[in-house]
Each structure stands twice: as C-alpha cells, then as structure tokens.
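# need a structure here:
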Amino acid sequence: MAKWLIGAGVVLLLLGVALHYAPGLLSWFGKLPGDIRLESERSNTYIPITSMIVLSVVLTVLVNLFKR
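Reported below is the predicted structural model:
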C-alpha cells in the first residue's frame with residue numbers, strides 16, 4: 001500500500017509541475033466534440049464526457065505498459 005501511495009504522490013507532483021510550467025498542456029480538456037457545456041447568466045456547467053473517455057483510454061494504456 002505504501003508503494004502505491006508514494007507512486008500516486010510522485011505522479012501528482014509531476015502533473016502539478018507540468019501544469020505549472022506548461023499551462024496549455026490540458027487546454028483541450030472539456031473542448032472536444034461530445035463534451036457538454038451549459039452556460040447561463042448565473043452559472044456555467046461543463047460535463048467533459050469525451051475528454052474523460054480519452055483520458056481513461058490513455059491512462060489504461062499507460063498502466064498496462066508499466067505493469068509488464
């Protein structure tokens with residue numbers, strides 16, 4: 001369990017550093033066809049369905065590569 005927590009911490013740290021120094025890295029997130037945006041005068045709601053599917057596929061491939 002400790003190894004998984006350390007690994008998750010390292011991944012989060014690297015993601016945070018990458019987003020800090022390259023803010024446009026995830027500019028596509030929430031803007032793909034299939035993502036739902038509901039905008040009104042009082043609120044904005046984003047439901048990134050397609051973006052989450054793409055992210056899930058990428059993470060699945062990465063996890064399977066590291067498991068082998």
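# what residue is smack in the middle of this structure?
Nearest to the geometric centre of the chain sits residue 55, at 5.8 Å (CA atoms, centre = their mean).
# any idea how far residue 14 is from that one?
Note on residue 55: its distance to residue 14, by CB to CB, to the nearest Å, is 16 Å. No exception for glycine: its C-beta is placed from N, CA and C like everyone else's.
# how would you label the residue in the chain sticking out farthest from the centre: helix, strand or coil?
Distance from the C-alpha centroid of the chain, by CA atoms, centre = their mean, peaks at residue 41 (27.5 Å). Assigned by DSSP: H, G, I helix; E, B strand; the rest coil, the conformation of residue 41 is coil.
# so where do the strands sit in this structure?
36-39, 44-47 (DSSP state E).
# Residue 30: neighbour count?
16 (other CB atoms under 10 Å).
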